[in-house]
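>>> Fold the following, please.
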Amino acid sequence: MHAPDREFDPDDNFEITRTHSRDHADQVEHDEEAGVDALAWQLLLLVNPGDEDTALRQFEVWREASAGADDEAPVQRLGEAIDWVSGFRVDAADPATFIDAVTELAARWNLDIDWGVEDRFDDEFLAGAEVPALMAVAYDRLREYGYTLWTWRAPGGADDHASHAGWITLSRDDDALRALAPLLGIELRPGSDAF
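Alright, predicted model coming up:
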């Protein structure tokens, strides 16, 4: 698979970088003039750590969906490009689907999340489970392995909390993702603080 062409070369447009400051903390620098395609590419690299082939496939889906589309809120198209491969979007009243989605995402890196119960699909457990609380559990477990579970909402999104969406990145990329998200119009929170 080759890199996207048509005025965009991901190797030439790495707009989010980490630099070392005097106290050795990672600082994020970004180019606010970066095009939406370059920013989308960077997001796809972050949500697909170590898997550039998947990022390239998703970038092509993004480009096709974005042809002639309004660039004011690209997060929905990005969400559609990554859903069920590198991200999730589940109904707020469906904890079983949330558990299944995040379990599958974590399995990409051979990680298994301890949900705190013997059978994560036990009817009694699921009846009392809420997606934000489960998201906090997954966040804590993934942090132990150096990953961060994020949740996002599009600008002007409904406040009724009808659904939850998110992805997993390497924890070392937290600052890069926090810098990148607003440039794409993404309202982002760690999974420990779900919407």
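
>>> From now on I want contacts and neighbour counts done on CA atoms only, so please keep to that.
Will do.

>>> Tell me the spacing between the residue lying closest to Val47 once chain neighbours are set aside and Ala101.
Nearest residue to Val47, sequence neighbours excluded (CA to CA, 6 or more residues apart in numbering): Thr169, at 5.2 Å. Thr169 sits 15 Å away from Ala101, going by CA to CA, to the nearest Å.

>>> try Ala179
Look at Ala179 and Ala101: by CA to CA, they are 26 Å apart.

>>> So between those two, which is more surrounded?
For Ala179 versus Ala101, the count of surrounding residues by other CA atoms under 10 Å is larger for Ala101: 20 against 16.

>>> In this structure the more buried one contacts Val85, no?
No: taking contacts as CA atoms under 8 Å, Ala101 lies outside contact range of Val85: 9.1 Å.

>>> residue ranges with poor pLDDT in this protein?
1-34, 70-73, 154-161 (pLDDT under 70).

>>> neighbours around Gly128, how many?
The burial count for Gly128: 8, using other CA under 10 Å.

>>> brain fart, Gly35
A count of nearby residues for Gly35, using other CA under 10 Å, gives 14.

>>> residues contacting it?
Counting by CA atoms under 8 Å, 6 or more residues apart in numbering, Gly35 touches no other residue.

>>> Mind giving me the packing neighbours of whichever strand or helix holds Leu177?
Counting by DSSP states H and E, the element that carries Leu177 is helix 174-183. If contacts are counted by 3 or more CA pairs under 8 Å, 6 or more residues apart in numbering; DSSP states H and E, helix 174-183 sits against strand 16-20, strand 26-30, helix 36-47, strand 187-190.
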